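> just to be clear, the model below is a prediction. Sequence and coordinates:
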Amino acid sequence: MDQLFVILVLTNFLKTVGIMVVIYFVLKFVGRLLFPIVVKKAVNNMQARQSQYQRQQKQEGEVTVEKNRRDQSRARNTEGEYVDFEEVD
C-alpha cells in the first residue's frame with residue numbers, strides 16, 4: 001500500500017512539474033510575440049505626444065505676456081508700488 005502511495009505522489013508531482021514547464025515555455029513564446037507589439041505601440045504614443053508638444057511650442061523669438069488673474073486683482077486694489085529708498089549723502 002505504501003508503494004502505491006509513493007508511486008501516485010511521484011506521478012502527480014511529475015505531472016505538475018511538466019505542466020509548469022509547458023506553461024513557462026508557452027508564456028515565453030507568447031511574450032516574444034507580444035513584446036515587440038507592445039513596445040512599438042508605446043513608442044508611437046511617445047512620438048505622438050512629442051509631436052503634439054512641439055506643435056504647441058511658440059516660434060523662436062516670439063514673445064508672449066500672460067498675466068495671472070490673481071496678480072491683476074491685487075494690482076487694482078493698490079494705488080501704486082511702494083519703493084523703499086535710502087538717501088545718499
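Here it is on my side, so go on. Numbers count the residues shown, from 1 in each chain.
> quick one, longest helix in the chain?
Scanning the chain for the helix with the most residues, using DSSP state H, yields helix 2-56.
> chain center to that helix: distance?
Centroid separation between helix 2-56 and its chain, computed with C-alpha atoms, centre = their mean, to the nearest Å, is 21 Å.
> pLDDT on that helix, on average?
For helix 2-56, mean pLDDT is 93.
> counting by contacts, list what it packs against.
Judged by 3 or more C-beta pairs under 8 Å, 6 or more residues apart in numbering; DSSP states H and E, helix 2-56 is in contact with no other helix or strand. (Glycine included, C-beta is placed from N, CA and C.)
> now residue 56: how far from residue 49?
Counting by C-beta to C-beta, to the nearest Å, the separation of residue 56 from residue 49 is 11 Å.
> between those two, which one's more packed in?
More crowded of residue 56 and residue 49, by other C-beta atoms under 10 Å: residue 49, with 10 against 7.
> tell me how far that one lies from residue 27.
Taking C-beta to C-beta, one finds residue 49 at 31 Å from residue 27.
> likewise residue 13?
21 Å.
> same check, this time on residue 8
On the measure of C-beta to C-beta, residue 8 and residue 27 end up 29 Å apart.
> same check on residue 18?
15 Å.
> ditto for residue 39
Residue 39 is 17 Å from residue 27, by C-beta to C-beta.
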